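In: quick check, what structure comes out for this input:
(one chain, ligands or ions: 1)
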Amino acid sequence: MERISLNYNFVSDFLSEQEIFQRFDEAKEHLKSLINKTGKGNDFLGWIDYTESIQSDELYEIEEYAEKIREKIDILVLIGIGGSYLGTKAIIDMLSHSFTSLLPEKNNPIILFAGNNLGEDYLHDLLEILNYYEYGIVVVSKSGTTTEPAIAFRILKHHIENKYGKDKAKERIYVVTDKNKGILLEIAKNENYKCFYIPDDIGGRYSVLTPVGLLPLAIVGIDIHQLIQGANSLRSSVINNFTKDNIAIQYALIRNALYNKGKLVEIMVSYTPRMHFFIEWWKQLFGESEGKENKGLLPVGVDFTTDLHSLGQYIQEGKRILFETVLHINKPTNQLIIPHDNENIDKLNFLSYKRVSYVNNMAMLGTILAHTDAGVPNILIDIPSLQEKYIGQLIYFFQIACGISGYLLGVNPFDQPGVEAYKNNLFALINKPGYENISTAIKKRLNEKFKLP
Ligand code: PA5
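Out: Numbering: from 1, shown residues only. Below you'll find the predicted structure:
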């Protein structure tokens, strides 16, 4: 299978080969400790082998249940937040028509999301839409206790039961959660919902290639076998490759060397709007894995050429703390030729019969040159095309590179202790049982610090 590749020629003005590979031996050891599960956070490394060990009959079971719900619905509502929805949305967007919901004929259900925010208007509007369509729900929460999806599920559960009746609603609700614990599991057992399980040793942001992503992806018609095969193809090229050719090691080393030279912000760039949410997924993966102990690159995303007309100025001439990683699709899914125009009032005939992607590629090359000239190193990741197999590769690549990167930084890339701070304050402020003792103190502090009632 053809593979994604990494080109680091565009960092050569900033890092010598020797600087890039200065910590190569350490990176090799970190890769080994990921494989042998001996490093920090080693109880969350199930994803390393999961795609290899998942059996085809497990995939077929997912597809079988996907088919059962598909035939009943126009819309699938995926309830989940963070690692429980970002990867799924990313994959669907990369593989779907840019205006799916407006296509006159649809072969697959449309996916809408809930539980990824607390916007009252958002949920209100969603319920309004769901009054008009046949729909089903997949609710994903590993802990089974996360506030945003829990509230969304309570509201949607009421809605779907009112619409179809309690018994019929059960056939339209699937749950993906932990096998042994959590309130969501309790609800699922109580209501007899079909459950799929997230392995204990896989954390949210590393879970898209488990039932977390596979189930909703299969429901909207994505080839999950190809996705898994793609991940495994990349896996076999990096997992036992302790040479300088290993692209996961290369990426981890380059970003670490740039970080140590004061490049504190990594901007992930794509030249197609279809990858917008893939960058969101990447931001969570690296932000939550590395941003701790007062360390870590800030992961930022841009859609070019769109954002060249907003953030382009800053990247070109602002504070020199940036580097970019560019996701380049070699072959767009579709072809579009710029037509010839006899009048040529727009003076664009020099582009007649050229593909739009030709102009896009030239914009990319011109931008890389402009940005590297201005002190912004670029790493280029080449993706043959937006197909399941390459997307599987890309996901596995970033996950393994993230593990190595986190270890190079000296942090545990598999926990997220910082996420608890806002949760504790929120629970205290909404008077969640169990938080009474800190509730008064927090309200008092808010009042003293910010004069808030
Ligand atoms: O990566 C993570 O662990 C988080 O982003 C979680 O995915 C997110 O907080 C949702 O958690 P849960 O699936 O337990 O509802």
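In: neighbours of Asp93, just the number please.
Out: Asp93: 21 surrounding residues under other CB atoms under 10 Å. Bear in mind the C-beta positions are built from the backbone N, C-alpha and C, glycine included.
In: again with Glu64
Out: Under the neighbour criterion other CB under 10 Å, Glu64 is assigned a count of 11.
In: would you agree it falls within a strand?
Out: No. According to DSSP: H, G, I helix; E, B strand; the rest coil, Glu64 belongs to no strand; its state is helix.
In: tell me how far it lies from Leu215.
Out: Distance, Glu64 to Leu215, using CB to CB, to the nearest Å: 11 Å.
In: now the closest residue to the ligand within the stretch 301-450 of the chain. Nearest residue, chain neighbours left out?
Out: Nearest to the ligand, among the residues of the stretch 301-450 of the chain, is Gln416, at 5.6 Å (CB to the nearest ligand atom). Among residues not flanking Gln416 along the chain, Glu288 sits closest, at 4.9 Å (CB to CB, 6 or more residues apart in numbering).
In: residues touching the one you found, list them.
Out: Residues near Glu288 by CB atoms under 8 Å, 6 or more residues apart in numbering: 82, 205, 416, 419.
In: and what of Phe153?
Out: Phe153 sits next to 79, 115, 137, 139, 184, 187 when contact means CB under 8 Å, 6+ apart.
In: likewise for Gly41?
Out: Contacts of Gly41 (CB under 8 Å, 6+ apart): 412-415.
In: how about Ile368?
Out: Contact analysis of Ile368 by CB under 8 Å, 6+ apart lists 10, 324, 326, 378, 380.
In: same check on Ile279?
Out: Counting by CB under 8 Å, 6+ apart, Ile279 touches 268, 270, 301-303, 327.
In: at 6 Å instead, please
Out: 268, 301 (CB atoms under 6 Å, 6 or more residues apart in numbering).
In: check the one 3 residues further on too.
Out: Counting by CB under 6 Å, 6+ apart, Trp282 makes contact with 268, 398.
In: would you list the phi and psi of it?
Out: Here is the backbone geometry of Trp282 (degrees, to the nearest 10): phi -60, psi -40.
In: what of Ile173?
Out: Main-chain dihedrals, Ile173, degrees, to the nearest 10: phi -120, psi 120.
In: quick check: bridge partners of it?
Out: Note on Ile173: beta-bridge partners by DSSP bridges are Ile137.
In: what residues does this structure put near the ligand?
Out: Neighbours of the ligand within the chain, by CB under 6 Å from any ligand atom: 81-84, 141-143, 146, 149, 203-205, 288, 416.
In: what is the nearest of those residues to Gly46?
Out: The nearest member of the residues of the chain next to the ligand to Gly46, counting by CB to CB, is Gly203 at 8.8 Å.
In: show the buried residues in the contacts of Ile368.
Out: Buried residues within the contacts of Ile368, counting neighbours by 16 or more other CB atoms under 10 Å: 10, 324, 326, 378, 380.
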